[in-house]
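Participant: Take this sequence and fold it.
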Amino acid sequence: MECKVNTYTVTFKIDGSADVVVNVISGQNANAPTDVKKAYDDTYHYTFTGWDTTFTNVTTNLTVNAQFDYIAHSFSTHKDKDDEYH
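Facilitator: A predicted model of the protein is given here:
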């Protein structure tokens, strides 16, 4: 008797990057990407905080989204010895 092994697709979505897709045997855990980054923009820089759903004991196809905290850039100016702003 042949035993059929079910596999599922877990898609990790990282804002601004290509999706990372892994195949997982039913009941197993997916291996998430480890170098998760979101590019800075003109206003904020971002810190990865985790994923929006669990991906342990996988028994269905999943989409998992990266979550980020953001911090506004702070800028300051000062005058140099020639009275010019920098």
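
Participant: So what does the residue nearest to residue 44 when sequence neighbours are not counted look like in phi/psi?
Facilitator: Of all residues beyond its chain neighbours, the one nearest residue 44 is residue 70 (4.1 Å), with distances taken as C-beta to C-beta, 6 or more residues apart in numbering. Yep, even glycine has a C-beta here, placed from its N, CA and C like the rest. Residue 70 adopts backbone torsions of phi -130, psi 150, taken as degrees, to the nearest 10.

Participant: how near is residue 70 to residue 25?
Facilitator: From residue 70 across to residue 25, the span is 36 Å (C-beta to C-beta, to the nearest Å).

Participant: Pass me the low-pLDDT residue ranges in this structure, would you?
Facilitator: Along the chain, segments meeting pLDDT under 70 span 1, 75-79, 83-86.

Participant: mind redoing it with 90?
Facilitator: 1-5, 15-18, 39-42, 73-86 (pLDDT under 90).

Participant: Centre-most residue in it?
Facilitator: residue 66 (3.4 Å; C-alpha atoms, centre = their mean).

Participant: which residue packs closest to that one, ignoring adjacent ones?
Facilitator: In space, residue 66 is closest to residue 14, 4.5 Å off (C-beta to C-beta, 6+ apart).

Participant: Residue 10 too?
Facilitator: Using C-beta to C-beta, 6+ apart and skipping residues adjacent in sequence, the residue nearest residue 10 is residue 30, 4.0 Å away.

Participant: quick one: contacts for that neighbour?
Facilitator: Applying C-beta atoms under 8 Å, 6 or more residues apart in numbering to residue 30 gives the contacts 10, 12, 22, 24, 55-56, 58, 62, 64.

Participant: out of those, which are buried?
Facilitator: Neighbour-count burial (16 or more other C-beta atoms under 10 Å) is assigned, among the contacts of residue 30, to 10, 12, 22, 24, 55, 58, 62, 64.
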